[in-house]
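Participant: mind folding the following:
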Amino acid sequence: MANVALLSAASTSTSSPACRLLLGRRPPSRRSACGGRAASKLSIMAALGEDPIREWILTEGKATQITGVSSIGGGCVNSAQRYKTDAGSFFVKTNRRIGPSMFEGEALGLKTMHDTNSIRVPLPYKVGSLPTGGSFIIMEFIEFGRSRGDQSVLGRKLAEMHNAAKSDKGYGFYVDNTIGSTPQINTWTADWIEFYSKHRLGYQLELASQQFGDSAIYEKGQRLIKNIHPLFDGAVIEPCLLHGDLWSGNISSDTNGEPVILDPACYYGHNEAEFGMSWCAGFGGEFYSSYFQDL
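Facilitator: The predicted structure follows:
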């Protein structure tokens, strides 16, 4: 993760526009100048340090004023807010229970997809811990349109992303991440069937067995894993970058109608694994014909 600059801690300068804005009063008198200035700087540093989200926006985010904070839909795992500033809006997600590793995985996935210059994703800026526990992620705010956009464009853009990013490490990802709040193991594996059997089906079966004690489902899943090889006979498989959690709630469009995908669970895998959530993604014929035409 060291190569992802957005995850580094932001420094605070007492001469920054944010600090000047927070001072918001006339200079102290000569009599109290030294003590007053030092006390003001210390209080500003303390105030910013207590709110790392505000600190980043008013320093690294190059804003001098936060004009409003409003709650927006963030799913069932995290809370989400829009921070309006004089430098534009920022999208912020917070989780009061889970540490920064979940958002670090999301940020790396978003940045990796963004770097393909194919389908639009929000660019991540900063991940960190909350002083009261939990974590946050700050990212680009994208104004959504009124619909999910043109499915044929979504299919074409997704194919462009799959074509643009391939892995020479095999199947997996640089870090383990989460799908929703469920851990997802991404250990690099040379063989797709081995990776999918062990780190996807097998791992999910283990979690289900531990949580629900459903031995019948576990045994059926194990039989599927033992007999899975023939299902891939003749298939051309190569590790390409996947969003990993492509259901309807993670698909939208911007105000120009261009597709946007978000909240990823990225890894490198067989491209058709991307459609595993299609039962609740609402993909139609236009999506699939466009995708496979441009693949």
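Participant: endpoints of stretch 112-121, how far apart?
Facilitator: 10 Å (CA to CA, to the nearest Å).
Participant: mind checking the pLDDT average for that stretch?
Facilitator: Averaged across stretch 112-121, the pLDDT comes to 98.
Participant: what residues does that stretch touch?
Facilitator: Applying CB atoms under 8 Å, 6 or more residues apart in numbering, the contact partners of stretch 112-121 are 110, 123, 142, 154, 157-158, 160-161, 164-165, 241, 243, 254, 258-262, 264, 266. Heads up, the C-betas are built off the backbone N, CA and C, glycines and all.
Participant: likewise stretch 125-134?
Facilitator: Residues contacting stretch 125-134 (CB under 8 Å, 6+ apart): 6-7, 9-10, 49-52, 56, 60-61, 90, 94-100, 103-104, 107, 135-140.
Participant: same question, stretch 246-261
Facilitator: With contact meaning CB under 8 Å, 6+ apart, stretch 246-261 is reached by 75, 113, 119-122, 142-145, 147-150, 153-154, 157-158, 243, 262-264, 274-275, 277-278, 280-282.
Participant: specify the local secondary structure of the residue positioned nearest the centre of the chain.
Facilitator: A centroid search over the chain (CA atoms, centre = their mean) returns E106, at 3.1 Å, as the residue closest to the centre. Three-state assignment for E106 (DSSP: H, G, I helix; E, B strand; the rest coil): helix.
Participant: where in the stretch 151-295 of the chain is pLDDT low?
Facilitator: In the predicted model of the stretch 151-295 of the chain, residues 294 satisfy pLDDT under 70.
Participant: rerun at 80
Facilitator: Scanning the stretch 151-295 of the chain for pLDDT under 80 picks out 278-280, 294-295.
Participant: so which residues of it form helices?
Facilitator: Counting by DSSP state H, counting those that start in this stretch, the segments of the stretch 151-295 of the chain that form helices are 151-164, 192-195, 203-212, 215-226, 285-294.
Participant: so how far is the shortest one from its chain's centroid?
Facilitator: Meaning helix 192-195. 25 Å (CA atoms, centre = their mean, to the nearest Å).
Participant: so how far is L205 from R223?
Facilitator: 11 Å (CB to CB, to the nearest Å).
Participant: quick one, which of those two is more surrounded?
Facilitator: Counting neighbours by other CB atoms under 10 Å for R223 and for L205 shows that L205 has the greater number, 19 against 10.
Participant: surely the more buried one and K220 touch.
Facilitator: No: applying CB atoms under 8 Å as the test, L205 and K220 come out as separate, 9.0 Å apart.
Participant: tell me the secondary structure at F136.
Facilitator: strand.
Participant: same thing with G128?
Facilitator: For G128, the assignment made with three-state DSSP gives strand.
Participant: could you check how far it is from P239?
Facilitator: Taking CB to CB, one finds G128 at 31 Å from P239.
Participant: who has more neighbours, the two?
Facilitator: Neighbour count, other CB under 10 Å: between G128 and P239, P239 has more, with 24 against 20.
Participant: quick one, what contacts the more buried one?
Facilitator: Taking CB under 8 Å, 6+ apart as the test, what P239 contacts is 166-167, 169-171, 192, 268-270.
Participant: could you measure from L262 over to V153?
Facilitator: Counting by CB to CB - L262 and V153 are separated by 16 Å.
Participant: which one's more surrounded, those two?
Facilitator: Under the neighbour definition other CB under 10 Å, L262 and V153 were set side by side, and L262 has more, 21 against 17.
Participant: tell me how far that one lies from E238.
Facilitator: 25 Å.
Participant: what's the answer for A107, then?
Facilitator: Distance of A107 to E238, given as CB to CB: 26 Å.
Participant: more neighbours, the two?
Facilitator: Neighbour tally, A107 and E238, criterion other CB under 10 Å: the higher count belongs to A107, 26 against 13.
Participant: coming back round to it: thought the residue nearest to the centre of the chain was touching P124?
Facilitator: Yes: using CB under 8 Å, E106 is in contact with P124, at 7.3 Å.
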